[in-house]
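Undergrad: sequence unknown, structure follows:
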């Protein structure tokens, strides 16, 4: 059976399945792999593709990342994170449209699992996060510091006060921290002798944080450290204070804090 003929059969079968689940869908989605869809090896009318149980490595609100080997692509959809939880552990088919701006990504239209169709649709609140190729992102204005020498001691923190610096081979955490008297969940960057609290990460940054933690990868990025917080705060939070993450590397790309 030729590849094209096989794709036609899959499209017809998928159209039949969708017609019997939650109403008729008057569009066809070509079943393919993520690589073929993203690289343009298999064209589909309207750039509509379907995928058999794609591997989500992370999801946050209306954003998600799908991995196929060493290829990672962004998927978007209204309340996508919640919908992914509904089909967790199940075989499913996902239908999506390929978008080309600001870079290639996919907008999820539906997911079919156990004979039920979950309608998704575009995100009305979020835009694709800023992604750049790692080789094209300048890091010269971020200093190299001795990360192993940093502690929560004020004298040790003086070397990074009001400084932008690089952080490599650090582990990420999502920990309960008592900041204002009420415990709250905060992303943390953990070095050898001190941890830092991440201040107001963007939704796109949180998506990457989740991917790094889910895939057990180290944090590699650049942060901005402001003024040293009082000793009481450092002791209460068991940290060196807050940092703002300005970029982080993942999958050969750099995501920045730009919204």
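TA: Looks like it arrived, so ask away. For clarity, every value in this text was computed on a predicted model and none was experimentally measured.

Undergrad: distance of the residue nearest to residue 233 when sequence neighbours are not counted relative to residue 201?
TA: Residue nearest to residue 233 in three dimensions, not counting chain neighbours: residue 241, with 6.9 Å by CB to CB, 6 or more residues apart in numbering. From N, CA and C alone the C-beta is placed, and that goes for glycine too. Using CB to CB, to the nearest Å, one gets 15 Å for the distance from residue 241 to residue 201.

Undergrad: which one of the two is surrounded by more residues?
TA: With neighbours defined as other CB atoms under 10 Å, residue 241 and residue 201 compare such that residue 241 has more, 22 against 17.

Undergrad: surely the more buried one meets residue 232?
TA: No - between residue 241 and residue 232 no contact is recorded; they are 11.7 Å apart, counting by CB atoms under 8 Å.

Undergrad: so what touches the helix or strand containing residue 157?
TA: Element membership of residue 157, judged by DSSP states H and E, is helix 154-157. For helix 154-157, contacts defined as CB atoms under 8 Å, 6 or more residues apart in numbering pick out 149-151, 194, 225, 228, 231, 240-241.

Undergrad: sorry, back to before: pLDDT value on the residue nearest to residue 233, please?
TA: At residue 241, the pLDDT value in this model is 98.

Undergrad: from now on call the first residue 230
TA: Got it, the first residue is 230 from now on, which makes the last one we talked about residue 470.

Undergrad: who's in contact with it?
TA: With CB under 8 Å, 6+ apart, residue 470 has these contacts: 386, 425-426, 454-455, 457-458, 462-463.

Undergrad: what's the distance between it and residue 422?
TA: 14 Å.

Undergrad: then residue 280?
TA: 44 Å.

Undergrad: which of those two has more residues huddled nearby?
TA: Neighbour count, other CB under 10 Å: between residue 280 and residue 422, residue 280 has more, with 23 against 14.

Undergrad: partners of that one in the sheet?
TA: Beta bridges link residue 280 to residue 323 when assigned by DSSP bridges.

Undergrad: thought it was touching residue 264?
TA: No - using CB under 8 Å, residue 280 is not in contact with residue 264; the gap is 10.8 Å.

Undergrad: sorry, back to before: which ones among the contacts of residue 470 map onto helices?
TA: 386, 462-463 (DSSP state H).

Undergrad: what's the closest of the residues you listed to residue 477?
TA: residue 386 (21.7 Å; CB to CB).

Undergrad: pLDDT value on the closest one, please?
TA: 98.

Undergrad: tally of neighbours for it?
TA: Neighbour number of residue 386 under other CB under 10 Å is 21.

Undergrad: would you mark the buried spots in the helix holding residue 386?
TA: For helix 383-386, the neighbour count (16 or more other CB atoms under 10 Å) marks 385-386 as buried.

Undergrad: same check on stretch 399-407?
TA: For stretch 399-407, by 16+ other CB under 10 Å, it's 399, 401-402, 404, 406.

Undergrad: got CSV for these, with pLDDT too?
TA: Below are the buried residues of stretch 399-407 laid out as CSV (pLDDT from 0 to 100):
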residue, pLDDT
399, 98
401, 98
402, 98
404, 97
406, 96
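
Undergrad: ok, now which ones touch the nearest residue to residue 388 once chain neighbours are set aside?
TA: Of all residues not flanking residue 388 in the chain, residue 374 sits nearest, at 6.3 Å (CB to CB, 6+ apart). Residue 374 makes contact with 388-389, 392, 394-395 under the criterion CB under 8 Å, 6+ apart.

Undergrad: got any ranges where the stretch 230-379 of the chain has weak pLDDT?
TA: 230-256 (pLDDT under 70).

Undergrad: show me what contacts the residue nearest in space to the middle of the chain?
TA: Nearest to the mean C-alpha position of the chain, counting by CA atoms, centre = their mean, stands residue 436 at 3.0 Å. Taking CB under 8 Å, 6+ apart, we find residue 436 in contact with 287-289, 292-294, 358.
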